[in-house]
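J.: No sequence on hand, only this structure:
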């Protein structure tokens, strides 16, 4: 079935890089997404990658996709305190953009 | 600001009651999605509409229903509310019904007491 898994917590020092990992099961997913949720706020689309791509870079964000292992990662360079949030990995399913979300990774950035 | 508007932001109601959550999609978006976020279930897809028609259904209870109107706004109706229905309900919209990014509203926090 459809399932997306993420580690629940990541702590990094300000200025370091953060790497958030995700695995998914639906090999037919055409898009994979990263969303950010700050406390008390909605979901903010950070970036997405087509399943026929291996990598996508957008300013401080780098997404890597390993289709063989069904593994997705989000790297945040020069992590700042403002990056502290919950990051959700999601896959599109069934061709209708129905999103299956992971449980979210809480990123804590400390000085 | 994603351009997706949800009202109300907060709602407190008693068990057994019925509520309606409203969503206005981004201008030009034809597809609307509803999601429920709770502590125990995480983010769950409920239902999708595209240009007024139901397109996909997820883990939506029979007590819940939704519709999308000709002006493309959508409403999620929750009836016979239970304590366990307390959650954050998100609406999202996208241009098409397939393969395009979805933008989320700020959510409606429902508390059932």
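T.: Great, that's in hand. Because the structure is predicted, anything quoted here is derived from the model rather than measured.

J.: Can you show me the strands along the chain?
T.: Picking chain A for this. Along chain A, the stretches classed as strands by DSSP state E are A:4-6, A:9-13, A:18-24, A:31-37, A:43-50, A:55-58, A:61-66, A:71-76, A:85-93, A:98-101, A:105-110.

J.: right idea, wrong chain: chain B
T.: Going by DSSP E, chain B shows strands at B:5-7, B:10-13, B:19-24, B:31-38, B:42-50, B:53-57, B:64-68, B:74-78, B:87-94, B:103-104, B:108-112.

J.: Show me what from chain A comes close to chain B.
T.: Applying CB under 8 Å from any CB of the partner chain, one finds that chain A approaches chain B through A:30-31, A:33, A:35, A:41-45, A:48, A:88, A:90, A:92, A:94-104. For glycine as for every other residue, the C-beta is placed from the backbone atoms N, C-alpha and C.

J.: What subset of those residues is buried?
T.: Buried members of the residues of chain A next to chain B, scored by 16 or more other CB atoms under 10 Å in any protein chain shown, are A:31, A:33, A:35, A:42-43, A:45, A:48, A:88, A:90, A:92, A:94, A:96-104.

J.: count of neighbours near residue A:9?
T.: 11 (other CB atoms under 10 Å in any protein chain shown).

J.: same question, residue A:50
T.: 11.

J.: isn't it right up against residue A:33?
T.: No: using CB atoms under 8 Å as the test, residue A:50 is too far from residue A:33 to be in contact (10.9 Å).

J.: List the strands paired with the helix or strand of chain A with the lowest mean pLDDT, with their directions.
T.: In chain A, the helix or strand scored least confidently by mean pLDDT, DSSP states H and E is strand A:98-101, which has a mean of 86. Sheet pairing of strand A:98-101 (DSSP bridges) gives strand A:85-93 (antiparallel).

J.: re earlier: between the strands of chain B, which gets nearest to residue A:57?
T.: Between residue A:57 and these, the shortest gap by CB to CB is with strand B:103-104, which sits at 21.5 Å.

J.: quick one: strands adjacent to the closest one?
T.: Counting by DSSP bridges, strand B:103-104 is paired with strand B:87-94 (antiparallel).

J.: what angle do the strand it pairs with and strand B:64-68 make?
T.: With axes from the mean of the first three to the mean of the last three CA atoms, to 10 degrees defining the directions, strand B:87-94 sits at 30 degrees from strand B:64-68.

J.: Which strand residues bridge residue B:19?
T.: Going by DSSP bridges, residue B:19 forms beta bridges with residue B:78.

J.: hang on, it packs against residue B:75?
T.: No: contact criterion CB under 8 Å: residue B:19 and residue B:75 do not qualify, at 10.2 Å.

J.: if I look at residue A:67, how far off is chain B?
T.: 17 Å (CB to the nearest CB, to the nearest Å).

J.: what about that residue, how many residues close to it?
T.: Neighbour count of residue A:67, defined by other CB under 10 Å: 14.
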